[in-house]
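Student: here is the input, now give the coordinates:
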Amino acid sequence: MKLKDIQCRNAKPKEKAYKLSDGAGMYLEVAPSGSKYWRLKYRILKKEKRLALGVYPEISLAEAREKRDGAKKLIREGIDPIEHKRQKKATAIQNAENTFQAVALEWFGVNEERWSKKYAQKVIRGLELNVFPYIGMRPIAEITPPVLLQECLRRIENRGSYDIASRTKQICGQVFRYGIQTGKCEWNAADNLQGALKTNKVNHFRAMDISRLPAFLKALERNEPRLFSRTRRAVWLSLYTFCRPKEIRMARWKDIDFKERVWTIPAELMKMNRDHIVPLSSQAIEVLKEQEKEVEVLNTEWVFPSQYKPRNPMSDGTVNKAIKRLGFGKEMVAHGFRALARTTIREKLKYESEIIEKQLAHQTRNPLGEAYDRTQFLEERAVMMQDWADYIEKLI
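Tutor: As a prediction, this is how the structure comes out:
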């Protein structure tokens, strides 16, 4: 006969514990202390067991019956409700420990040594600013794509920081992958967000058409704006080597080998974080020799020191300002020398794209990848750089 709530409420303690049955294996156990416990007696794998369903009256009769029915369903499926309960508790504890922040910091620790210091700082700073405050304390296993999108990435996007939102999604994706690999989560919430974020319109660096190069060279030769000599030389070296502006302004004398006619740009200045060898044409060597004569009395490590603070390198933007003063600011920036050289060397000098890309220090598409010899095509590139400088000289 099924119990009624009034029976449960009025049950008085006795010298020994006794049971009030509700049927289907469930009963209320009344202890001598007066405490009342819901229990379920069941058999699984030929063993008799008892499952605690809670304490009355915190767990009402109706709630106890719901728990009993849930346990019975598990038993029918061959699942031991006691083991199921233990597993749920263990999972809850594990999830509480494996928050997104905890897993992200573990992932960061595994990868930090193989990154440059600057990149590592950028990664951890981005997580601390844009991710941890919003989803850092959530169990990583419970973070779904909508949670990552709405609670984290949309906040960044709403600031208009579309590139940062995209990079943050990529970093979070790497954390989720690490979580999957280490058994802390089962899916990558970032993988299912392709196309969910806004993107900036790509603005390429301004680069003049090759037909305008003769006019630019004449303006650089005439120097009507009366640019400093070292500024003009920085422009010439940018043109001859088509290196990035940062690489030009931070060039050091110790990295220039006049005998071997090469400039080895150290990894810390390179986008790909590896040393890059630049073969130097006769014209580039001449520019560097002239620059050496000018700055040798300054006792500076920089090829192009600041005009006013020789112990510092030339300031960022110097070459761009020079281009603007020469009258070409609307059609050219310093970085544009790279696109100009790439197009012209391919179309006019007929060099293969792979050789040009290697000189530009772009990531190789070779199936052997970045493990391939870093000096690949060095001899070919040396010839190409001289041909490029000779081509410029003919235009002058």
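
Student: quick one: list the elements packing against the host helix or strand of Glu29.
Tutor: Secondary structure here is read from DSSP states H and E; on that basis Glu29 sits in strand 26-30. In terms of contacts (3 or more C-beta pairs under 8 Å, 6 or more residues apart in numbering; DSSP states H and E), strand 26-30 is packed against strand 18-23, strand 36-44, helix 61-76. C-beta: built from backbone N, CA, C; applies to glycine.

Student: most tightly packed of the ones you listed?
Tutor: strand 36-44 (a mean of 18; mean count of other C-beta atoms under 10 Å).

Student: which residues are contacting that strand?
Tutor: 8, 11, 19, 25-31, 48-57, 59, 64, 67-68, 71-72, 75, 78, 80-81 (C-beta atoms under 8 Å, 6 or more residues apart in numbering).

Student: just the buried residues out of the residues you listed, in PyMOL syntax.
Tutor: Selecting only the buried members of the contacts of strand 36-44 in PyMOL, with burial defined as 16 or more other C-beta atoms under 10 Å, works like this:
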select buried, resi 8+11+25+26+27+28+29+30+51+53+56+59+64+67+68+71+72+75+80+81
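
Student: Ile392 reaches Ser282, doesn't it?
Tutor: No: at 11.7 Å, Ile392 and Ser282 do not qualify as touching, with contact defined as C-beta atoms under 8 Å.

Student: which one's more surrounded, those two?
Tutor: It is Ile392, of Ile392 and Ser282, that has more neighbours when counted by other C-beta atoms under 10 Å, with 19 against 14.

Student: so the closest residue to that one other than its chain neighbours, which state does it fall into?
Tutor: Sequence neighbours aside, Leu239 is the residue nearest to Ile392 in space, at 6.5 Å (criterion: C-beta to C-beta, 6 or more residues apart in numbering). Each residue gets one of three states, and Leu239 gets helix by DSSP: H, G, I helix; E, B strand; the rest coil.

Student: quick check, Leu239 in contact with Gly336.
Tutor: No: using C-beta under 8 Å, Leu239 is not in contact with Gly336, being 10.4 Å away.

Student: of the two, give the one with the bigger neighbour count.
Tutor: When Leu239 is set against Gly336 and neighbours are counted by other C-beta under 10 Å, the residue ahead is Leu239, at 23 against 20.

Student: contacts only, for that one.
Tutor: Applying C-beta under 8 Å, 6+ apart as the definition, the contact partners of Leu239 turn out to be Phe337, Ala341, Ile392.

Student: so which helix or strand of the protein has the lowest pLDDT on average?
Tutor: Scoring the helices and strands of the chain by mean pLDDT, DSSP states H and E places helix 81-97 at the bottom, with a mean of 73.

Student: circling back to that earlier point, residues in contact with the strand holding Glu29: which ones?
Tutor: Applying C-beta under 8 Å, 6+ apart, the external contacts of strand 26-30 come out as 3, 8, 11-14, 17-22, 36-41, 53, 56, 64-65, 68.
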